[in-house]
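Engineer: Quick one, fold the following:
(one chain, ligands or ions: 1)
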Amino acid sequence: MTTAETRPAPWQTGPYADALRNGRGPLFLRRSDGWLLPLEVERWCAGPDRADLTVLERCRGSVLDIGCGPGRIVTALAARGRPALGIDISPAAVAHTVRAGGSALIRSVFDPLPREGGWHTALLMDGNIGIDGDPAALLARLTSVVAPAGSLIVETAPAGVDPDLDERLRVRVDNGTAAPGDAFSWARVGARALIRHGRAAGWTPAEQWTAAGRHFVTLERAERTEPEGRAERAERVERAVRQKRTARKGRRP
Ligand SMILES: C[S@@+](CC[C@H](N)C(=O)[O-])C[C@H]1O[C@@H](n2cnc3c(N)ncnc32)[C@H](O)[C@@H]1O
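Structural biologist: Next up, the predicted model:
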């Protein structure tokens, strides 16, 4: 489990914090074999684009943006008078969001969160389904964050990428000049793989769409024929978090 004490430093300092402060990249997630996944810092520091607007129009009620970065989504929702909170482990990201007029907390998604179980819409944008490199654990965790009738909007791997892509990576944040940060776990997931993980965690797919080459899936809390009891649900979530904590301990040098 990622907590305030164990959260990965690479998002908190170094090239990522510098890029957010400057409002620009270049910035990448670099795999050990040299493969690069661009981090679109300029887009994240700008206002919502056409694809973001398709997400904004689907947000219902209170909105939690997980890994909000510099906060373009929560800021846009706040400007529309909508209740929205961003959470991010990066102090630079949260400071940027608050300066821009949004609400945000320095918090890991695996930490205790405000209004757990009460959020009407949760967002995992810009590849954030990759957080901590374990989509199954993240999706299980979010069943205890989102309200029973709520939804989770996930941006998957873009249109044109294999929808069955289900990849675990060890990456470093790299700007091509400074020394890359420490390695940490990340994941990339196509739409079909996301839906498979979602169903296993108790989510039902409700909608999929592509906008400006980006692909999104809305998941809703699954209706069960036999309603899951509070104790059963708590046990399932606790099991996922425990597995995650054990895996994290195993990875520590
Ligand atoms: C790929 S970036 C996406 C940025 C973003 N959605 C935006 O609008 O700028 C991943 C973000 O997730 C944050 N993050 C990483 N691990 C996290 C965690 N465990 N809980 C919450 N946020 C996390 C990082 O600090 C970073 O801002």
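
Engineer: what residues does the chain put near the ligand?
Structural biologist: Within reach of the ligand by CB under 6 Å from any ligand atom, the chain has these residues: 2, 11, 39, 44, 66-70, 72, 87-90, 93, 108-110, 125-128, 131-132. Using the backbone N, CA and C atoms, a C-beta is placed for each residue, glycine as well.

Engineer: Which ones among those residues lie within helices?
Structural biologist: If you go by DSSP state H, the residues of the chain next to the ligand have 44, 72, 93 in helices.

Engineer: rewinding a little: list buried residues within the residues of the chain next to the ligand.
Structural biologist: Buried subset of these (neighbour count, 16 or more other CB atoms under 10 Å): 2, 11, 39, 44, 66-70, 72, 87-90, 93, 108-110, 125-128, 131-132.

Engineer: So which of those sit within strands?
Structural biologist: 66, 87, 88 (DSSP state E).

Engineer: what's near enough to touch the second one?
Structural biologist: So the one you mean is residue 87. 64, 65, 66, 67, 68, 104, 105, 106, 107, 108, 109, 113 (CB atoms under 8 Å, 6 or more residues apart in numbering).

Engineer: quick one: what helix or strand has the residue nearest to residue 100 when sequence neighbours are not counted in it?
Structural biologist: Nearest non-adjacent residue to residue 100, counting by CB to CB, 6 or more residues apart in numbering: residue 75, 4.5 Å away. Here residue 75 is covered by helix 72-79, with elements defined by DSSP states H and E.

Engineer: tell me, what residue is most central in this protein?
Structural biologist: The centroid of the chain falls nearest to residue 128 when counting by CA atoms, centre = their mean (3.1 Å).

Engineer: Could you verify my assumption that it touches residue 64?
Structural biologist: No: Residue 128 is beyond contact range of residue 64, at 11.8 Å (criterion: CB atoms under 8 Å).

Engineer: Residue in the protein with the shortest distance to the ligand?
Structural biologist: Residue nearest to the ligand within the chain (CB to the nearest ligand atom): residue 69, separated by 1.9 Å.

Engineer: Next one: that residue from residue 104, what distance?
Structural biologist: Residue 69 is 10 Å from residue 104, where distance means CB to CB, to the nearest Å.

Engineer: what residues do the two have in common as contacts?
Structural biologist: Contacts common to residue 69 and residue 104, judged by CB under 8 Å, 6+ apart, are 86, 88, 93, 97.

Engineer: Return the closest of the residues you listed with respect to residue 197.
Structural biologist: Nearest to residue 197 among the shared contacts of residue 69 and residue 104, counting by CB to CB, is residue 88 at 22.5 Å.

Engineer: show me what contacts the closest one?
Structural biologist: 11, 67, 68, 69, 94, 97, 104, 106, 107.

Engineer: Now the last one: phi and psi?
Structural biologist: With angles defined as degrees, to the nearest 10, residue 107 sits at phi -160, psi 140.
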